[in-house]
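Chemist: please work out how this folds:
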Amino acid sequence: MSAVNSAAASDVLSQYRAQSDDRAGKSNELGKDAFMELMLAQLKNQNPLEPQDNGDFIAQLAQFSSLEEMQNLSGRVDDVVGQFRSSQALQASAMVGKSVLAPSQVGILGAEGEVTGTIQVPASTGGLSLSVMNQSGELVRQIDMGNSQAGVVSFQWDGQDGNGNNLPPGPYTIVANGSYPSGMEQLPTMVSANVDSVSLGKNGSITLNLAGMGSIPLSEVQQVN
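Modeler: Have a look, this model is predicted:
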């Protein structure tokens, strides 16, 4: 910009310092209104012996136009993001009360009297087994699932111990093992659980609160029943 009268420039700068102090915590960026006021102050207080060049003035107008377009675009993007998050929240709330399949080694034995889930088998095994332990770490059921090909294998525990007795409701540890030439290998499991509620983070993240199993990110859910 062209030179301005020193006293007038000082007044303008003092004015914007005061406005900046009043807006502390909101934004440190120069908005389009402040940009226009500064440009008009420059024109009003320019040296009449050295008026601003037309090319410089046109360039400043172009800068103002670009700044206005950027702020309008930013506002539209914020609106789209807000709508997207609202849509996510609505979809997540619809999952409350449903059963989901999530990575876990804990199964909740409920009123239905069974725990279901899947085992990720990386390679064919001649001895796939499922161990169920109570909260004390005591083995209450050993299920031999025999030979298995690589892939996802479903399992179901009926809530009974090895003698056919019904066990009390509550959390049980589910451990899957596969027999391989190198020895026994623990395999990843996914367990079905009910969604009690949904939490929305400030950054738009969605967390599912599962009955008896704690919270997991929505992204970890593999299946909704």
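
Chemist: which helix or strand contains residue 90?
Modeler: helix 54-93 (DSSP states H and E).

Chemist: quick one: mean pLDDT for that helix?
Modeler: The pLDDT scores in helix 54-93 average 65.

Chemist: after it, next one along is what?
Modeler: Sequence-wise, the next helix or strand downstream of helix 54-93 (DSSP H and E) is strand 99-103.

Chemist: what's that following strand packed up against?
Modeler: Taking 3 or more C-beta pairs under 8 Å, 6 or more residues apart in numbering; DSSP states H and E as contact, the helices and strands that strand 99-103 lies on are strand 189-200, strand 206-210, strand 223-224. Every residue, glycine included, has its C-beta placed from N, CA and C.

Chemist: relative to strand 206-210, how tilted is it?
Modeler: Orientation check (axes from the mean of the first three to the mean of the last three C-alpha atoms, to 10 degrees): strand 99-103 against strand 206-210 gives 100 degrees.

Chemist: dump the following helix or strand past strand 99-103 to PDB, restricted to CA.
Modeler: Downstream of strand 99-103, the first helix or strand assigned by DSSP H and E is strand 106-109. Extracted in PDB, the C-alpha atoms of strand 106-109 (Å, rounded to 0.1, in the frame of the first residue of the first chain):
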ATOM      1  CA  VAL A 106     -14.800 -60.800  27.000                       C
ATOM      2  CA  GLY A 107     -18.300 -62.200  26.400                       C
ATOM      3  CA  ILE A 108     -21.300 -61.200  28.500                       C
ATOM      4  CA  LEU A 109     -23.500 -64.100  29.400                       C
END
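
Chemist: need the contact partners of stretch 203-223.
Modeler: Residues outside stretch 203-223 that contact it (C-beta atoms under 8 Å, 6 or more residues apart in numbering) are 81, 85, 88-89, 92, 95, 100-104, 106, 108, 110, 170-171, 190-191, 193-201.

Chemist: cool, stretch 94-112 as well?
Modeler: Counting by C-beta under 8 Å, 6+ apart, 115, 117-118, 132, 157, 159, 167-175, 188-198, 208, 210-213, 216, 220-225 sit against stretch 94-112.

Chemist: again, only using 6 Å
Modeler: 115, 159, 169, 171-174, 189-192, 194-195, 212-213, 216, 220-225 (C-beta atoms under 6 Å, 6 or more residues apart in numbering).

Chemist: in stretch 207-219, what's buried?
Modeler: For stretch 207-219, a neighbour-count test (16 or more other C-beta atoms under 10 Å) marks 207-208, 210, 213, 216, 218 as buried.

Chemist: ditto for stretch 147-159
Modeler: Under 16+ other C-beta under 10 Å, the buried positions of stretch 147-159 are 148, 153, 155, 157, 159.
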